[in-house]
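A.B. asks: Need the 3D shape of this:
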Amino acid sequence: LPILSEGSEEQPRRRHGWAVWLRTLRRAHLFRFVVAFLAGVLVVLAMRIPQVQASFLGEPDRQMLEMAFKIRSDLVRKATPVLFLDIDDETVGLQRTAAPGIAQAPPATAPRGVVARLLDYILAAPPERQAKVVILDVDLATPTPGDEAGVAALQEVLARWARTPSAPTLVVARQAFPGNSLGVADNELMLPATPYDATVETAPNMFWGGVKVLVDQNNIVREFQPYECVRTKRGLEPLYSAVVLAYGVTVDGRIPANGPIKQWLERAATVCKSADPAQDTGHGELLNYHLSLGRGQNDRTWPDVDPAWPGLKPCGGVDPALVRRLSAKDVAAAAGEAGVSHDVLCRRIVLIGGTNTVAGDFQQTPLNEMAGAMIIANGVRGLELSGGGLKRAPWWVQLTALLVVSGLITAGFSLSNRIREHYTHLKSLRRGRSWRLRSSPRSSPGQRPRSQRRGRSSPSARPLPAWSSSSTRWASSTGSPTTCCRRWVMR
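C.D. replies: Below you'll find the model as predicted:
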């Protein structure tokens, strides 16, 4: 502390340390706060661009979503339950009668006769036990040589389905291909011809549905394509996703007006008639994962459906499981029996798909490697849970969050600077105290100085080393041996 003489001016009163820190925060850290806030605004705006969201810049956002999906996996009991009729390996091999010791090649797709029996079982259900919607995740355009009887049986079932008013809505999955790959000069997307086109395209309760999904840079399925513009006899028309069509049936056509799916539906027809019908092919709608069924997990069980589900009481609560998986082989075998129960169908989303290794319809998802039918189930139920698609937070919520985060970042930097300055000050005080201890004689009254104990000479009489000539010259010029010794010790 400075020693004030009688004639010197009075020193200004020292302010409190926290007051100085607050004044520094108002002045020095305002720029840092503004920079942090503007950087957050730029990130939020960039994340709204699909190309940026799918790049490495959107990886933190994807990792947080993936963590949220895994935490709540198989725990969300709301929305419509699912019945999965699995065309597994045993079902695919039903029509193969190999000779002993000879293994025949499996068919390229599901046997059409098995698909016909599954649809016949669903169609025979009473109206009060009927399914909510049926999704057929089988590519009917794949040729099935040698299965003419199965093709005829499937045509007959589809014709009866179209004539039955009480039959549920049937969404048949289709895959569009460029015209060049189908032998057409035009490169626009087209649907291959099938033996069932005349029946499905004129039926009031059957629709084609797309199954295209989009992957990120790690080949993980994150989004589904809400629609594709395909070439038909009437020109370019939107082929809506099977997820969107099934969701519309599940909510009885009451799609929320503020949901992303409503915006996709309103945009589809306009885009397909525009000069650039492929402008929306690079991005889609986010899949809301909450159900998991990995490869080989055919014995998986799920919790019961939410007691508030409207269909639980009318269906009698016979099978309250959230997801029920049944082998298509067993269901097809019981389809023709008298008195067979249809309680498992009651007001459920019925999915006819495959986990067989022949089709290889598996995709990597944030939860696990999942069959395509279960991805469709996550999409339909996810839209139902989110009210028409996951929505972004409003602008005022995002700006408020950015203000809070920017303030925390600025306060953290300011606090760390304050702690560092305090630590540096304490360290300098310790160094100064150590210097004084080494330079002071510390002699008690009646004792000789420490330098004169044990026969030692005083610092002024003790010769200095040769390399300390500069200190000796400085001491001789000042005439102060005590100052000389202090300077020499500090050196």
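
A.B. asks: Helix or strand: which one has the residue nearest to E228 when sequence neighbours are not counted?
C.D. replies: Counting by C-beta to C-beta, 6 or more residues apart in numbering, E228 lies nearest to L239, which is 4.8 Å off, once chain neighbours are set aside. Using the backbone N, CA and C atoms, a C-beta is placed for each residue, glycine as well. Element membership for L239 (DSSP states H and E) is strand 235-240.

A.B. asks: what's in contact with the very next helix or strand once past that strand?
C.D. replies: Using DSSP H and E, the helix or strand that directly follows strand 235-240 along the chain is helix 242-250. Residues outside helix 242-250 that contact it (C-beta atoms under 8 Å, 6 or more residues apart in numbering) are 80, 132-133, 135, 137, 168-169, 171, 173, 207, 209-211, 224, 226-227, 255, 261, 264-265, 349, 376, 379-380, 383-384, 388.

A.B. asks: Okay, angle between helix 242-250 and strand 235-240 too, please.
C.D. replies: Comparing the axes of helix 242-250 and strand 235-240 via axes from the mean of the first three to the mean of the last three C-alpha atoms, to 10 degrees yields an angle of 70 degrees.

A.B. asks: Pull the strand holding L239 out as PDB, backbone CA atoms only.
C.D. replies: Taking Å, rounded to 0.1, in the frame of the first residue of the first chain, the C-alpha atoms of strand 235-240 are listed here in PDB:
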ATOM      1  CA  GLY A 235     -49.000 -37.100 -67.100                       C
ATOM      2  CA  LEU A 236     -46.800 -36.400 -64.100                       C
ATOM      3  CA  GLU A 237     -48.700 -37.100 -60.800                       C
ATOM      4  CA  PRO A 238     -47.600 -37.400 -57.200                       C
ATOM      5  CA  LEU A 239     -47.100 -40.900 -55.800                       C
ATOM      6  CA  TYR A 240     -47.600 -40.300 -52.100                       C
END
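
A.B. asks: Which elements pack onto it?
C.D. replies: Strand 235-240 sits against strand 206-210, strand 227-232, helix 260-272, with contacts defined as 3 or more C-beta pairs under 8 Å, 6 or more residues apart in numbering; DSSP states H and E.

A.B. asks: List the neighbouring strands of that strand plus their orientation.
C.D. replies: Using DSSP bridges, the strands paired with strand 235-240 are strand 227-232 (antiparallel).

A.B. asks: so how far is the partner strand from its chain's centroid?
C.D. replies: 28 Å (C-alpha atoms, centre = their mean, to the nearest Å).

A.B. asks: contact partners of it?
C.D. replies: Residues from elsewhere that reach strand 227-232, judged by C-beta under 8 Å, 6+ apart: 176, 179, 186, 188-191, 210, 212, 236-241, 244, 264, 268, 271-272, 277-278, 280-281.

A.B. asks: Could I get the buried residue list for it?
C.D. replies: Within strand 227-232, the residues that count as buried by 16 or more other C-beta atoms under 10 Å are Y227, E228, C229, V230, R231.

A.B. asks: any chance of the helices and strands packed on strand 235-240 in TSV, with distance to E148 too?
C.D. replies: Below are these laid out as TSV (distance: least, C-beta to C-beta, whole Å):
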stretch	distance to E148
strand 206-210	22
strand 227-232	27
helix 260-272	36
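
A.B. asks: Out of those, which is closest to P145?
C.D. replies: strand 206-210 (23.5 Å; C-beta to C-beta).

A.B. asks: Run the angle between the closest one and helix 242-250 for me.
C.D. replies: Using the same axes, to 10 degrees: strand 206-210 against helix 242-250 is 140 degrees.

A.B. asks: pLDDT averaged over strand 206-210 - what is it?
C.D. replies: Averaging pLDDT along strand 206-210 yields 95.

A.B. asks: Following the chain past it, name the next helix or strand.
C.D. replies: Sequence order places strand 213-215 as the next helix or strand after strand 206-210, per DSSP H and E.

A.B. asks: Now do that next one: which elements does it pack against?
C.D. replies: On a contact count with 3+ C-beta pairs under 8 Å, 6+ apart, strand 213-215 meets strand 221-224, strand 362-364.

A.B. asks: swap the cut-off to 10 Å and go again
C.D. replies: With contacts defined as 3 or more C-beta pairs under 10 Å, 6 or more residues apart in numbering; DSSP states H and E, strand 213-215 has these neighbours: strand 221-224, strand 362-364, helix 372-386.

A.B. asks: and the second one, what other elements does it pack with?
C.D. replies: This points to strand 362-364. Helices and strands touching strand 362-364, by 3+ C-beta pairs under 10 Å, 6+ apart, are strand 213-215, strand 369-371, helix 372-386.

A.B. asks: Any idea what R324 is bridged to?
C.D. replies: Beta-bridge partners for R324, by DSSP bridges, are L83.

A.B. asks: That one - how many residues pack around it?
C.D. replies: By other C-beta atoms under 10 Å, 18 other residues sit near R324.

A.B. asks: could you measure it against G311, distance?
C.D. replies: According to C-beta to C-beta, to the nearest Å, R324 and G311 sit 14 Å apart.

A.B. asks: between these two, what contacts are shared?
C.D. replies: Shared contacts of R324 and G311, defined by C-beta atoms under 10 Å, 6 or more residues apart in numbering, comprise P81, R348.

A.B. asks: follow-up on the earlier one: selection in PyMOL covering whichever of the contacts of helix 242-250 are buried, please.
C.D. replies: Entered in PyMOL, the line below selects the buried ones among the contacts of helix 242-250, by 16+ other C-beta under 10 Å:
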select buried, resi 80+132+133+135+137+168+169+171+173+207+209+210+211+224+226+227+255+261+264+265+349+376+379+380+383+384+388
